[in-house]
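K.L.:
need a structure here:
(4 chains)
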Number of protein chains: 2
Amino acid sequence: MPRKPASQTVNRKDVLMAAASVFQQRGYHGATMAEIADRLGLTAGSLYHHFQGKEALLVAVLNEGLDVVLGRLDTIMQQPLSPAIMLRQMVEAQVISVTENVAAGAAIVFESRTLLEIPAARDSYIRRRDSFERCYRQVIERGIACGDFRAVDVPIFTKALLGAHNWISVWYHPDGRLGGAEIAAHMADIWLSALRPT
Amino acid sequence: MPRKPASQTVNRKDVLMAAASVFQQRGYHGATMAEIADRLGLTAGSLYHHFQGKEALLVAVLNEGLDVVLGRLDTIMQQPLSPAIMLRQMVEAQVISVTENVAAGAAIVFESRTLLEIPAARDSYIRRRDSFERCYRQVIERGIACGDFRAVDVPIFTKALLGAHNWISVWYHPDGRLGGAEIAAHMADIWLSALRPT
DNA sequence: CCTAAAATCAAACCTCAATTTGATTAAATT
DNA sequence: AATTTAATCAAATTGAGGTTTGATTTTAGG
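P.N.:
Okay, here's the model as predicted:
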């Protein structure tokens, strides 16, 4: 029985990135442990040294992906900024996060539904996802209250914004016409224009 | 061997709606023929009298779902309307279509990727999906050209709009605070505000 | 060099779900 | 009523893929 050519050992992050990438391309159920292992030069069984199983991979990819964006958003929220500036920074942080790690972004968009059927992961994920949405709602409400923004239906506006941002992970290509920062700036412009008082 | 209580025979549309609903809840790969059949009071094997198999179900759900929206959009595009009015009508047509058939809408959003891996369906689907996007681009470009809209990056703006609309199928509930028509009106307001010249 | 822990492999195991098959029932037509 | 056709069922088949297992290799420390 031939042995492997002794490749470097693979770490947690490598596994998560490979898993995210396969989840992005095939979806959770369409992804196979064999394909994830292939990207790492491993066999399917070897993955079980790094993670308990396929579900654990999904949970880790989504949780850690969400952590990145939530962390950046929290930092911005704690600064004393005007609603317009704060919203712009939040949009840019989120959009750039997505373009920096499209696979994780796409997995979050497309596989949250799957994660919600894993009882052990469900509650904490919902809580953090909701807190994410609440960040946007708060800043928009604050802007309306102080007259910087026109009055809009805040829940609907927020969903529109989140939908547009989420969708970026579907169409973004690293070698496309615009880079992440440019897309982020355009997105921020759209939302600030839409909120500009008449 | 006991027989079935002789329910009414099930038609093509019933099957497609059941399939769309299960695709929405589980995703294509997570959906089982048994669950689709269950919704119809049938057994898995019986589905094969109506459709060739699971892939054929996906193709039909997505194609026919797309047809509905494309049809409504084409009708609007052929009328002689100002860009603002036309865009409003297009947005309302699309959003109302989604809220009228959330399952098909969600299946289109989440399972297009899967369909694109079915060679027999791929090309025609891509063509029609692109023509859909082109409709929005054209009307926005027309509005910018005649000065009714401010200058935006049309591809980005269009993607933002489509992302927001697609995302509706994720969060919309028939018994939510707002109905389809109200959501549609808010969405149209958002885009028209964002395009309003300074 | 020796040894133990970590990482890996090949192969077996086992379940699940798509599909096939060969009856059986129901409905429509004659 | 007889016959054909459309729908359906239960059960068998089959393949794919997640997981387990028991070796084997590699690496780090002594």
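
K.L.:
C-alpha only now, for contacts and for neighbours.
P.N.:
Fine.

K.L.:
Isn't A:Gln111 up against A:His29?
P.N.:
Heads up, residue A:111 is Glu, not Gln. No: if you go by C-alpha atoms under 8 Å, A:Glu111 and A:His29 don't touch, sitting 9.4 Å apart.

K.L.:
When those two are compared, which one has more neighbours?
P.N.:
Neighbours per residue (other C-alpha atoms under 10 Å in any protein chain shown) separate A:Glu111 from A:His29, with A:Glu111 holding more: 22 against 16.

K.L.:
After the helix or strand hosting A:Met90, which helix or strand is next?
P.N.:
Using DSSP states H and E, A:Met90 sits within helix A:83-100. Using DSSP H and E, the next helix or strand after helix A:83-100 towards the C-terminus is helix A:102-115.

K.L.:
other SSEs contacting that next one?
P.N.:
On a contact count with 3 or more C-alpha pairs under 8 Å, 6 or more residues apart in numbering or on different chains; DSSP states H and E, helix A:102-115 meets helix A:12-26, helix A:54-77, helix A:154-171.

K.L.:
and chain A, which of its residues are near chain B?
P.N.:
Contact residues, chain A versus chain B (C-alpha under 8 Å from any C-alpha of the partner chain): A:25-26, A:29-30, A:110, A:113-114, A:153, A:156-157, A:159-168, A:183, A:186-187, A:190-196.

K.L.:
how about the longest helix that chain A contains, does it reach DNA strand D?
P.N.:
If you go by DSSP state H, chain A has its longest helix at helix A:119-145. No: Helix A:119-145 stays clear of DNA strand D (C-alpha under 7 Å from any atom of the strand), getting no nearer than 14.3 Å.

K.L.:
Retrieve the pLDDT associated with the most centrally placed residue in chain A.
P.N.:
Centroid-nearest residue in chain A: A:Gly105, 3.6 Å away (criterion: C-alpha atoms, centre = their mean). A:Gly105 is assigned 97 on the pLDDT scale.

K.L.:
If we ignore the residues flanking it in sequence, what's nearest it?
P.N.:
A:Val98 (5.3 Å; C-alpha to C-alpha, 6 or more residues apart in numbering or on different chains).

K.L.:
can you pull the contacts of the one you found?
P.N.:
Residues near A:Val98 by C-alpha atoms under 8 Å, 6 or more residues apart in numbering or on different chains: A:104-105, A:168-169.

K.L.:
Low-confidence bits of chain A, can you list those?
P.N.:
Scanning chain A for pLDDT under 70 picks out A:1-8.

K.L.:
now with 90?
P.N.:
The model of chain A has pLDDT under 90 over residues A:1-11, A:45, A:198.

K.L.:
and A:Thr9, how many neighbours does it have?
P.N.:
Around A:Thr9 there are 8 residues (other C-alpha under 10 Å).

K.L.:
isn't A:His29 right next to B:Gly30, touching?
P.N.:
Yes: in this structure, A:His29 is within contact of B:Gly30 by C-alpha under 8 Å, at 5.8 Å.

K.L.:
With respect to B:Leu178, which of the contacts of A:Val98 is nearest?
P.N.:
A:Ile168 (26.1 Å; C-alpha to C-alpha).

K.L.:
residue contacts, the residue lying closest to A:Val102 once chain neighbours are set aside?
P.N.:
Distances taken as C-alpha to C-alpha, 6+ apart place A:Ser169 nearest to A:Val102, at 5.4 Å, with adjacent residues excluded. By C-alpha under 8 Å, 6+ apart, the residues touching A:Ser169 are A:98-99, A:102-103, A:105-106.

K.L.:
Could you identify the buried members of the residues of chain A next to chain B?
P.N.:
Neighbour counting with 16 or more other C-alpha atoms under 10 Å in any protein chain shown marks A:25-26, A:29-30, A:110, A:113-114, A:156-157, A:159-168, A:183, A:186-187, A:190-196 as buried within the residues of chain A next to chain B.

K.L.:
Run the chain-centre distance for stretch A:165-177.
P.N.:
12 Å (C-alpha atoms, centre = their mean, to the nearest Å).

K.L.:
meant to ask about stretch A:122-130
P.N.:
14 Å.

K.L.:
Send me it as PDB with only the CA atoms.
P.N.:
C-alpha atoms of stretch A:122-130 as PDB (Å, rounded to 0.1, in the frame of the first residue of the first chain):
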ATOM      1  CA  ARG A 122     -29.400  27.100  16.300                       C
ATOM      2  CA  ASP A 123     -30.000  29.400  19.200                       C
ATOM      3  CA  SER A 124     -26.700  31.100  19.500                       C
ATOM      4  CA  TYR A 125     -26.600  31.600  15.700                       C
ATOM      5  CA  ILE A 126     -30.000  33.100  15.600                       C
ATOM      6  CA  ARG A 127     -29.100  35.500  18.400                       C
ATOM      7  CA  ARG A 128     -26.000  36.700  16.700                       C
ATOM      8  CA  ARG A 129     -27.600  37.000  13.300                       C
ATOM      9  CA  ASP A 130     -30.400  39.100  14.800                       C
END
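
K.L.:
neighbouring contacts of it?
P.N.:
By C-alpha under 8 Å, 6+ apart, stretch A:122-130 touches A:63, A:66, A:115-116.
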